[in-house]
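Peer 1: Sequence unavailable; structure follows:
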């Protein structure tokens, strides 16, 4: 993947341009707003693994374009070999991050589109068209969730959020931050408290950057200050995204989400999850889900600075599970659901 | 203050040597074990403010030696001027950190010792002797708490701790980590989970370093993983130190302690506070206590690495308050107290 240096005003996280995929390099934020150009599906898999792009909806669409690149760049005229190449790309892209379901959802949606086709040129076109459609749908879906969710908030509210479920976690607009944008666009004055979100600091690096970029009032707090800030009585709502939601309402999201939900419950603060319907996994049970364990390096160093003894043991789960009794509402583009989730989610996703 | 480069095996955080105070430079840990020599009370105040030395018991004893340096280095033969100098030193040392009570307790204890004396040479001797006595008492107190607390733990237990309430927070041995040391010395095999403790990372930098240094099994986790790790069912106890304990049992300690206590309660995990009786403040009420708000720089940068947009708003409280209903026991050198604390603390501190 090549680096593209340009500065733009609107944050477009994932963009198809000149037969390649241009991604904001999120590992460089907030110091520099730079872009990475992926010319092959291997570039794309690499970008997902290295967190150049992250956030469940964004990696779903990115993987779809990865499959499009695998198709377009193929030189074979043999249909069987072509499908073998696509299947290989599918497997490599799917294995980049195990917890977010949107990744698999996006890849499966594309594979289903082409399952009965046998003209290579047509398949290439169908795959690319579908990936572009998914990118456009992602923004439309986020705006729809924003409009649906905005009525839950009042003028003057202070809203806490965790990690980055914003423009930078989607193609654009955002899920949790999309609702916050929509609240602001509806004319209500709001203030955001963003948690740092150790170890990868998506709150400091991405959410603070993104909200500042759009002049939305934001204060950053260490992850250790969540309980204390809630006890002060200033937080009116908590809003987070999701990487996977089960039919029972169990939510898999960035590590730290679960304790935010426990603390919100303790302080009687409503806790909302905002996610597109592609985040639902109606098949699996809580124990089936693999929680990605990431490198200890994320915890023991920042840049060149060593924060802990080098040979120390580290437990670094990237996600956690929030049980349904801690979740006040789940906001999707198809509507807002409340407990009991087994019933309301079944009705929503038909 | 001058830097002293030497390497020693035993961690002695605060040491009086050749008419000066030698402190482990905790801002350099875990990368380097170096020492700082303070030759005046101004050096000492500076070291406390910059977190060269931290931890409630350690800064109490350090401040006492600061007062000793102010006395010893005075050149006046006029008793009135001498007391004016001491009072100035007292005020400067006391104002370095507002939340920990041991600082004021230590300074007041020394001032009371000399209140009726009028021989400058004698006063100098009394102050230094008292500071040395307090340093020795600190270690003895910690060992006593360790022995008293150790019986609460069983062979094979995994214990979670927050911040650093160890050798490095005291003259030596430690409060919360002192109990952990005592459990190990009693022949029980234990394992520690240390939280990073953003923003100053005392868990990563100090607790991980200190336990590793003594071959106590330790794993580091991000502060966001506390709830998830507790939900996994592996944490048997939580042990923390304290900067101030009120007569009602309200505990002021490092930011993040309160949410650890809420999460421990949620998961039915006993939550213990370990602190010397000098930590008790029987006069003030919860609302009287100033929670120190520290620089936003602690949150937005680590070393030279910028973690967030430079002009972002930050809320960075250094401490929080844990209410008594979340605290299972308070372990002191005088004994262990349980709820109702208003009654048990009154009986303990007579």
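Peer 2: All right, it came through fine. Since we're looking at a predicted model, the values are computed, not measured.
Peer 1: Would you mind giving the domain segments of chain A?
Peer 2: Residue ranges for the domains of chain A, per automatic domain parsing: A:2-142, A:150-348.
Peer 1: Among these, show me which one is buried the most.
Peer 2: Compared across the domains of chain A, domain A:150-348 shows the largest average neighbour count, a mean of 21 (mean count of other C-beta atoms under 10 Å in any protein chain shown). C-beta here means a position set from N, CA and C on the backbone, and glycine is covered the same way.
Peer 1: First-to-last residue distance for that one?
Peer 2: Domain A:150-348 stretches 19 Å from its first residue to its last (C-alpha to C-alpha, to the nearest Å).
Peer 1: pLDDT on it, on average?
Peer 2: In this model, domain A:150-348 has a mean pLDDT of 96.
Peer 1: next one: stretch A:11-23
Peer 2: Averaging pLDDT along stretch A:11-23 yields 94.
Peer 1: quick one on the thing from earlier: may I see the domains of chain A arranged in TSV, with distance to residue B:338 as well?
Peer 2: What follows is the domains of chain A, written out as TSV (distance: least, C-beta to C-beta, whole Å):
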stretch	distance to residue B:338
domain A:2-142	42
domain A:150-348	22
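Peer 1: Relative to chain B, which of those domains is closest?
Peer 2: Comparing those against chain B with C-beta to the nearest C-beta, the closest turns out to be domain A:150-348 (3.0 Å).
Peer 1: and residue A:320, that one's in a strand?
Peer 2: Yes: using DSSP: H, G, I helix; E, B strand; the rest coil, the assignment for residue A:320 is a strand.
Peer 1: can you pull the contacts of it?
Peer 2: Applying C-beta atoms under 8 Å, 6 or more residues apart in numbering or on different chains, we find residue A:320 in contact with A:252-259, A:291, B:225, B:227-228, B:231.
Peer 1: quick one: the helices in the stretch 201-350 of chain A?
Peer 2: A:202, A:208-213, A:226-231, A:257-266, A:297-300, A:341-348 (DSSP state H, counting those that start in this stretch).
Peer 1: And the pLDDT for residue A:4?
Peer 2: At residue A:4, pLDDT is 52.
Peer 1: For stretch A:39-49, which outside residues touch it?
Peer 2: For stretch A:39-49, contacts defined as C-beta under 8 Å, 6+ apart pick out A:1-2, A:20-21, A:23, A:36, A:38, A:52-54, A:59, A:62-63, A:65-67, A:69-70, A:73, A:89, A:92-93, A:96-97, A:103.
Peer 1: same thing with stretch A:334-346?
Peer 2: A:148-149, A:152, A:245, A:247-249, A:277, A:280, A:282, A:324-325, A:327-330, A:347-349.
Peer 1: Go again with 7 Å.
Peer 2: A:148-149, A:247-249, A:277, A:280, A:324, A:329-330, A:348 (C-beta atoms under 7 Å, 6 or more residues apart in numbering or on different chains).
Peer 1: Which of these fall within strands?
Peer 2: Those of those mapping onto strands are A:280, A:329-330, per DSSP state E.
Peer 1: TSV for those, including distance to residue A:12?
Peer 2: Below are the ones in strands among the contacts of stretch A:334-346 laid out as TSV (distance: C-beta to C-beta, whole Å):
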residue	distance to residue A:12
A:280	26
A:329	29
A:330	27
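Peer 1: Quick check: which of the contacts of stretch A:39-49 are also close to chain B?
Peer 2: By C-beta under 7 Å from any C-beta of the partner chain, no member of these lies near chain B.
Peer 1: which ones among these are found in strands?
Peer 2: A:2, A:20-21, A:23, A:36, A:38.
Peer 1: can you put these in TSV and add distance to residue A:239?
Peer 2: Output for the ones in strands among the contacts of stretch A:39-49, formatted as TSV (distance: C-beta to C-beta, whole Å):
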residue	distance to residue A:239
A:2	36
A:20	34
A:21	29
A:23	25
A:36	29
A:38	31
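Peer 1: Identify, from these, the entry nearest to residue B:122.
Peer 2: residue A:36 (73.1 Å; C-beta to C-beta).
Peer 1: I'd guessed the closest one sits against residue A:25; true?
Peer 2: Yes: taking contacts as C-beta atoms under 7 Å, residue A:36 lies within contact range of residue A:25: 4.7 Å.
Peer 1: so what sits against both of the two?
Peer 2: In contact with both residue A:36 and residue A:25: residue A:52, using C-beta under 7 Å, 6+ apart.
Peer 1: what separates residue A:117 from residue B:290, distance-wise?
Peer 2: 70 Å (C-beta to C-beta, to the nearest Å).
Peer 1: where along the stretch 151-300 of chain A do the strands fall?
Peer 2: For the stretch 151-300 of chain A, the strands defined by DSSP state E, counting those that start in this stretch occupy A:158-161, A:191-195, A:217-221, A:237-240, A:244-246, A:251-254, A:271-274, A:280-281.
Peer 1: Rebuild those strands as TSV, extending it with distance to chain B.
Peer 2: Formatted as TSV, the strands of the stretch 151-300 of chain A follow (distance: least, C-beta to the nearest C-beta, whole Å):
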stretch	distance to chain B
strand A:158-161	11
strand A:191-195	7
strand A:217-221	4
strand A:237-240	12
strand A:244-246	15
strand A:251-254	8
strand A:271-274	13
strand A:280-281	19
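Peer 1: can you put those strands in CSV and add distance to residue A:11?
Peer 2: What follows is these, written out as CSV (distance: least, C-beta to C-beta, whole Å):
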stretch, distance to residue A:11
strand A:158-161, 16
strand A:191-195, 16
strand A:217-221, 15
strand A:237-240, 19
strand A:244-246, 25
strand A:251-254, 20
strand A:271-274, 18
strand A:280-281, 26
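Peer 1: can you tell which of the ones you listed is closest to residue A:143?
Peer 2: Closest approach to residue A:143 among those (C-beta to C-beta): strand A:271-274, 12.2 Å.
Peer 1: Which elements pack onto that closest one?
Peer 2: Contact analysis of strand A:271-274 by 3 or more C-beta pairs under 7 Å, 6 or more residues apart in numbering or on different chains; DSSP states H and E lists helix A:176-185, strand A:237-240, strand A:329-332 as its packing neighbours.
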